[in-house]
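Peer 1: just coords:
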């Protein structure tokens, strides 16, 4: 059973709303690596993601890379949990997104599917489940309306810590200087 105080969840926009610039995208990845390593150093051992293409899958891929690191001096064990809103969610996605999705799901420690079929609250239910079972949310939220907005607002109401990587570009230089070891991929 997962401990909420040691669980972090990821929520964010789909690919269409993520930065197109390679530099901006690389900054998101660097910030994400930093937040994953920081969480691990603070005792977090479970990472949940909403299993949609875009930011969710990017986060899952980074956690999977981090899981492969074995340090003899500081061994850790972390878990990756996919929270799938409904079984056939990927049916209408592009082929490359479906392939990546199933590849990531096959490597998760657990896959929780909340509904067999889509209904109007499927995605909100998925987000509430993750927030209700986490103490920290790492998100990519640009302020626009949509499902990510609802998830972030729910997390705010539930008073869990929120780290928005969309606002982290200016902080990346400070993080590099302050926590150099946490910024390195460690893989």
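Peer 2: It's in. For clarity, every value in this text was computed on a predicted model and none was experimentally measured. Residues are numbered from 1 along each chain as shown.
Peer 1: And the helices in this protein?
Peer 2: For the chain, helices defined by DSSP state H occupy the ranges 22-41, 55-67, 95-106, 122-132, 147-157, 172-178, 180-183.
Peer 1: any idea of the angle the fifth one forms with helix 55-67?
Peer 2: Inter-element angle recorded for helix 147-157 and helix 55-67: 70 degrees (by axes from the mean of the first three to the mean of the last three C-alpha atoms, to 10 degrees).
Peer 1: for helix 147-157, what is the average pLDDT?
Peer 2: The average pLDDT for helix 147-157 rounds to 94.
Peer 1: so how far is that helix off the chain centroid?
Peer 2: In terms of C-alpha atoms, centre = their mean, to the nearest Å, the centre of helix 147-157 is set 14 Å apart from its chain centre.
Peer 1: Report the angle between that helix and helix 122-132.
Peer 2: Angle, helix 147-157 to helix 122-132, by the same axes, to 10 degrees: 30 degrees.
Peer 1: How about helix 147-157, which residues are buried there?
Peer 2: Under the neighbour-count criterion of 16 or more other C-beta atoms under 10 Å, helix 147-157 has 147, 148, 151, 152, 154, 155 buried. In short, each C-beta sits where N, CA and C put it, glycine included.
Peer 1: Which other helices and strands does it contact?
Peer 2: Other helices and strands packing on helix 147-157, by 3 or more C-beta pairs under 8 Å, 6 or more residues apart in numbering; DSSP states H and E, are strand 7-12, helix 122-132, strand 136-140, strand 161-164.
Peer 1: Perfect, that will be all.
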